[in-house]
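S.K.: mind looking at a prediction? Sequence and model below.
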Amino acid sequence: MQIYCEDSLLYAREFFADWGQLHFFSGRTVTPSQLKDADILLVRSTTRVDAEMLSHCPNLKYVGTATAGTNHLDIQALKSRGIAYGSAAGCNAIAVAEYVVSALFALAQTQGWQLLDKQVGIVGAGHVGSQLHNKLSALGIRTLLCDPPLAAQGDKRTIVDMDAIMACDIISLHVPLVEQGPYSTRGLFGPQRLAQLSDNQVLINACRGEVVDNQALLALYRQGRKFTTVLDVWENEPDILTDLLPYVALASAHIAGHTLEGKARGTWMLYQQVGELLSLPVELPLEAVLPDPELAAMTIDEVEQAQLAKLVFGVYDIRQDDQLFKTQVSQPGQFEYIRKHYAIRREFAALQVSAGNSVLKKAICGLGFASKAANS
Ligand SMILES: NC(=O)c1ccc[n+]([C@@H]2O[C@H](COP(=O)([O-])OP(=O)(O)OC[C@H]3O[C@@H](n4cnc5c(N)ncnc54)[C@H](O)[C@@H]3O)[C@@H](O)[C@H]2O)c1
Ligand SMILES: O=C(O)[C@H](O)[C@H](O)COP(=O)(O)O
């Protein structure tokens with residue numbers, strides 16, 4: 001079996017090498033003819049799989065993306081060719097939620113907030129939005145969820161509309177890129193909605209760049225508007241609007257989901273899908289490939305913002321990504337370079353925390369850290 005795999009799939013060799021001949025390719029530069037022998041095609045978000053590409057691959061039985069987003073796959077073309085396809089929904093939801101948590105603690109320090117005074121509006125209450133809601137709720141931070149498609153499907157949680165979201169102190173976007181229809185998200189934050197933001201509001205985009213109109217954002221900043229933005233994703237990646245950089249409080253190279261666990265889980269989910277599709281033995285558990293974390297255990301004795309910030313930054317400090325991005329990304333090729341050479345980042349669960357009492361332990365575990373037994 002010929003398995004063609006984008007070179008950014010972590011642990012592809014460990015999971016797939018026993019099942020066939022593995023061939024690696026580079027996502028942005030791959031040409032359809034390179035994939036002509038593929039039985040199985042495994043990608044991440046940087047490989048576009050469209051009708052033209054599929055027309056060169058007569059043997060293709062399965063296309064999988066080790067990512068949550070699927071907007072780089074032409075689902076209609078896959079269906080009309082009868083090719084099975086799959087994604088890794090939820091693989092990196094913890095990673096993105098922890099990116100946002102780190103952003104909130106970083107902004108709280110620079111802007112002098114108490115996070116408990118803030119209300120966070122979460123747009124898109126799927127895997128990422130729900131993780132974020134759970135983590136913030138564990139700390140007692142108030143959240144609102146907006147997800148009209150889920151509301152229409154009868155989701156039992158309280159779902160608010162965009163007017164309620166626009167009144168929140170912090171707005172965090174976690175929707176897929178939807179091009180058309182009643183729930184389209186392209187330009188969800190276009191010139192009008194962006195202009196409604198007041199100078200003390202925060203907008204976070206860690207979903208898809210095209211959900212926020214970057215030119216409109218730049219125009220508002222140039223007019224002197226002062227609201228805060230955190231951008232992990234950008235319109236037209238990798239050729240992004242670098243003029244925006246000086247105005248963005250925290251900026252990064254579409255790495256919100258790039259924890260080791262998130263990437264490994266994505267590849268492992270495709271391993272499960274191919275195994276099931278072709279009745280192959282699925283024997284390798286995810287844990288078998290993950291290295292032990294190198295993080296020391298930490299102790300906390302109070303649910304106090306500065307102590308929590310130390311824990312969060314001990315695992316992931318978004319300010320380092322921001323600094324690297326802002327100093328390097330304007331040079332040619334650097335957006336992709338930063339992504340490809342991203343440092344190893346673990347999830348909060350990799351850090352064992354000793355907490356002083358049961359209330360604290362509940363908050364710490366709810367945020368995602370592992371709890372260290374008092375006597376160990
Ligand atoms: N920056 C990153 O590294 C990164 C990592 C993971 C996911 N993402 C992006 O984030 C998106 C969300 O990820 P997820 O795993 O939570 O996906 P998901 O499918 O679990 O959840 C998305 C939610 O958005 C809702 N939604 C769709 N249209 C909406 C609209 N117009 N208004 C409000 N809600 C709407 C859906 O009903 C769904 O519940 C992905 O599609 C992907 O594009 C980015
Ligand atoms: O949709 C996703 O899962 C994320 O955007 C994902 O982290 C993108 O990462 P990439 O595939 O580009 O490495």
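M.R.: Right, received. Where do you want to start? Ligands and ions are numbered 1, 2, ... in the order given.
S.K.: what residues are up against the residue of the stretch 51-200 of the chain found nearest ligand 1?
M.R.: Going by C-beta to the nearest ligand atom, ligand 1 is nearest to Gly126 of the stretch 51-200 of the chain, at 1.8 Å. Heads up, the C-betas are built off the backbone N, CA and C, glycines and all. Shown in contact with Gly126 (C-beta atoms under 8 Å, 6 or more residues apart in numbering): 93, 147, 150, 174.
S.K.: if we use 7 Å, what do you get?
M.R.: By C-beta atoms under 7 Å, 6 or more residues apart in numbering, the contact list for Gly126 reads His174.
S.K.: so which residues of the stretch 251-376 of the chain form strands?
M.R.: Assigned by DSSP state E, counting those that start in this stretch, the stretch 251-376 of the chain shows strands spanning 298-300, 352-355, 370-371.
S.K.: oh, I was asking about the stretch 101-250 of the chain
M.R.: 119-123, 142-146, 170-173, 202-205, 228-231, 250-251.
S.K.: which phi and psi does the spatially most central residue of the chain have?
M.R.: Note on the chain: the residue nearest the mean C-alpha position is Gly257, at 3.4 Å, using C-alpha atoms, centre = their mean. Dihedral angles of Gly257 (phi, psi; degrees, to the nearest 10) stand at phi -90, psi 0.
S.K.: one step back: pLDDT at the residue of the stretch 51-200 of the chain closest to ligand 1, what is it?
M.R.: pLDDT, Gly126: 98.
S.K.: what does the pLDDT read for Met376?
M.R.: Actually, residue 376 is Ser. It isn't Met. pLDDT recorded at Ser376 is 45.
S.K.: please apply the same query to Val359.
M.R.: pLDDT, the model's per-residue confidence, is 82 for Val359.
S.K.: cool, Pro332 as well?
M.R.: Pro332 carries a pLDDT score of 96 in this model.
S.K.: where's it relative to Asn214, distance?
M.R.: Distance, Pro332 to Asn214, using C-beta to C-beta, to the nearest Å: 19 Å.
S.K.: the helix-or-strand element of the chain with minimal mean pLDDT packs against which elements?
M.R.: Ranked by mean pLDDT, DSSP states H and E, the weakest helix or strand in the chain is strand 298-300, scoring a mean of 85. On a contact count with 3 or more C-beta pairs under 7 Å, 6 or more residues apart in numbering; DSSP states H and E, strand 298-300 meets helix 305-315, strand 352-355.
S.K.: which element is Val100 on?
M.R.: Element membership for Val100 (DSSP states H and E) is helix 93-111.
S.K.: mind listing what the residue nearest to the centre of the chain touches?
M.R.: Applying C-beta under 7 Å, 6+ apart, the residues contacting Gly257 are 68, 92, 95-96.
S.K.: let's see that with 8 Å instead.
M.R.: Taking C-beta under 8 Å, 6+ apart, we find Gly257 in contact with 67-68, 91-92, 95-96, 99, 263.
S.K.: Ala288 too?
M.R.: Remark: with contacts taken as C-beta under 8 Å, 6+ apart, Ala288 is in contact with Glu14.
S.K.: phi, psi of the closest residue to Ser55 other than its chain neighbours?
M.R.: Nearest non-adjacent residue to Ser55, counting by C-beta to C-beta, 6 or more residues apart in numbering: Pro32, 7.3 Å away. Backbone geometry at Pro32, expressed as degrees, to the nearest 10, gives phi -50, psi -40.
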